[in-house]
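Novice: can't give you the sequence, but here's the structure:
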């Protein structure tokens, strides 16, 4: 049994706001390690012809209200609808990948999501990009340039390939050993599986 939970996510996933905004508190309270794993859920969803909210106004309306309700439950602010889908989806995720490798990624991801859902600013675009990177002590122009280098692009593709092999199709997904739990509302199930190897109480 694994001693940690792999947290697979894509900046650009709306429900992932609920997870990134509270995950460090959950980790501290539960004494659990989470491995943050950015990948391109958009690439996988396109391969599966899975476009969940485009041209589906009733489903989109439900999504925004559901996020608003759940954010209130967690004590989070959520001004919805937020800009969606993101124009610079891949850049936002490559910045997350680079930051996680260098130690400032979690704070950057949380900051960029906060600006997205509280201030209506898209991750991967200014002013969100510059302000979030500056908040975590990074030079915006230089860091965005580094996130476009071949090594980061290859790491991003490798992460997406790994997610695909694991059978991951959505964000957020929590992986415990070979078990997958999709959705912010499945975090408790993942925690229970980590401790007990089943969902039995």
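Specialist: Yep, that arrived. Quick caveat: nothing in here was measured; it's all calculated off a predicted structure.

Novice: could you pull out the strands for the protein?
Specialist: Secondary structure of the chain (DSSP state E): strands at 4-9, 33-38, 173-176, 179-182.

Novice: Starting from the second one, tell me which strands it pairs with and how they run.
Specialist: Strand 33-38 pairs in its sheet with strand 4-9 (parallel), by DSSP bridges.

Novice: Just the residues contacting the strand it pairs with, thanks.
Specialist: 16, 19-20, 23, 32-39, 41, 163, 166, 168, 171-176, 190-191, 194 (Cβ atoms under 8 Å, 6 or more residues apart in numbering). C-beta coordinates here come from the backbone N, C-alpha and C atoms, glycine included.

Novice: Please list only the buried members of those residues.
Specialist: 16, 19-20, 23, 32, 34, 36-39, 41, 163, 166, 168, 171-176, 190-191, 194 (16 or more other Cβ atoms under 10 Å).

Novice: Quick one: end-to-end length of stretch 172-188, please.
Specialist: 13 Å (Cα to Cα, to the nearest Å).

Novice: tell me which residues in that stretch are buried?
Specialist: In stretch 172-188, counting by 16+ other Cβ under 10 Å, buried: 172-176, 180-184, 187.

Novice: Name the nearest of these relative to residue 85.
Specialist: Within the buried residues of stretch 172-188, the smallest distance to residue 85 is 16.5 Å, found for residue 172 (Cβ to Cβ).
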